[in-house]
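Visitor: pasting a predicted model and its sequence here:
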Amino acid sequence: MGSVVQMRGSGSPGGGGRVDGGIDGGRRADRLLAVAAVSGPVAVALLLTPWRHRLAAADDALILVVVIVAVATAGRRWAAALCALSAALSFDFFLTRPYQSLRITRSSDLVTEILLLVVGLLVGDMAARGRHHRTSARQGRDRIAALHAVTELAASGAAPEDVARDAGGELQRLLALRSCTFATGDSRLAARLQPDGVVRVGDVTWDTDDLGLPHRGVDLPVRAGGEVLGHFLLVPVPGVRLPRDLLLVAVAIADQVGASLSAARGQGVALR
């Protein structure tokens, strides 16, 4: 293989160590959220027990709804549903007669408990939709910013190796890669990212939406004028799902590197 430009994990926001840390941090956050979803309603119901003879059941339920809404702000449907279930059981066990029992003797209490579950599911769904929209908008801005950065660098007449290095850093960040290497010459990887954003391993189409990138790595060809001038060798963090539209952005970034290499070659400048 010819010239190589290696993008190190520590040099970009999407480096391997940080990606692994982000995944582990996300799992810890989910565990803490699950604990809060279960224990929050229980703790609030216990705090309300001294006033259960003074407060109406509807007042107790409204206070528990506040807990559900607080958990739902995390934007996780499962957490809101878990919190709603915990709130309904806590309401029944601590705040309705007979106390310290899951039996329901009044129809009004049954209606209130069902409403707690329904409210929790609805609030969780709305919060999850809002979180999805915010995430999609942020990702869209990140993709445009990454493509713009590489395009501006290539248009400024920067050296091809600088364009390749910057593009590799953007690819590593956007695709959550463990490593990203640019090299000229032939690629020995079986998996290849096609211009249409589809990953193929031989004749098989790889489902990146569910499986992420193949763990052995993916070849992203750098093209210009219908000719392959180099390759980005993408080594992923296993299990990171990647939609096709994001892979199309990666192809566009690689095309900018190809344009830079083609222009430099036309001027007789070789990649160092």
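Guide: On my side now, so go ahead. Numbering: from 1, shown residues only.
Visitor: helices of the chain, residue ranges please.
Guide: For the chain, the helices defined by DSSP state H cover 16-48, 57-72, 77-95, 107-155, 160-174, 208-211, 244-266.
Visitor: as JSON lines, those with distance to residue 226, mean neighbour count and mean pLDDT would be great.
Guide: Any C-beta I mention is one placed from the backbone N, CA and C, and that applies to glycine too. Formatted as JSON lines, these follow (distance: least, C-beta to C-beta, whole Å; neighbours: other C-beta atoms under 10 Å; pLDDT from 0 to 100):
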{"stretch": "helix 16-48", "distance to residue 226": "34", "mean neighbour count": "15", "mean pLDDT": "81"}
{"stretch": "helix 57-72", "distance to residue 226": "52", "mean neighbour count": "20", "mean pLDDT": "92"}
{"stretch": "helix 77-95", "distance to residue 226": "47", "mean neighbour count": "22", "mean pLDDT": "94"}
{"stretch": "helix 107-155", "distance to residue 226": "18", "mean neighbour count": "16", "mean pLDDT": "91"}
{"stretch": "helix 160-174", "distance to residue 226": "19", "mean neighbour count": "24", "mean pLDDT": "95"}
{"stretch": "helix 208-211", "distance to residue 226": "25", "mean neighbour count": "14", "mean pLDDT": "94"}
{"stretch": "helix 244-266", "distance to residue 226": "10", "mean neighbour count": "20", "mean pLDDT": "94"}
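Visitor: show me the one of these that comes nearest residue 191.
Guide: Closest approach to residue 191 among these is made by helix 208-211 (10.2 Å; C-beta to C-beta).
Visitor: what residues does that closest one touch?
Guide: With contacts defined as C-beta atoms under 8 Å, 6 or more residues apart in numbering, helix 208-211 is touched by 199, 241-244, 247.
Visitor: go again with 7 Å.
Guide: 199, 241-243, 247 (C-beta atoms under 7 Å, 6 or more residues apart in numbering).
Visitor: could you give me the ChimeraX selection string for whichever of those residues are buried?
Guide: Remark: buried members of the contacts of helix 208-211, expressed as a ChimeraX selection using 16 or more other C-beta atoms under 10 Å:
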select :199,242,247
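Visitor: that older thread, turn the helices of the chain into a markdown table, including distance to residue 230.
Guide: Output for these, formatted as a markdown table (distance: least, C-beta to C-beta, whole Å):
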| stretch | distance to residue 230 |
| --- | --- |
| helix 16-48 | 22 |
| helix 57-72 | 48 |
| helix 77-95 | 44 |
| helix 107-155 | 14 |
| helix 160-174 | 7 |
| helix 208-211 | 22 |
| helix 244-266 | 6 |
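Visitor: among those, which is nearest residue 224?
Guide: The minimum distance between residue 224 and the helices of the chain falls on helix 244-266, with 3.7 Å, by C-beta to C-beta.
Visitor: one step back: between the contacts of helix 208-211, which sits nearest residue 97?
Guide: When the contacts of helix 208-211 are compared for distance to residue 97 (C-beta to C-beta), residue 241 wins out at 49.0 Å.
Visitor: how close does the closest residue to residue 142 other than its chain neighbours get to residue 189?
Guide: Once flanking residues are discounted, residue 142 sits nearest to residue 174: 6.8 Å by C-beta to C-beta, 6 or more residues apart in numbering. Using C-beta to C-beta, to the nearest Å, one gets 19 Å for the distance from residue 174 to residue 189.
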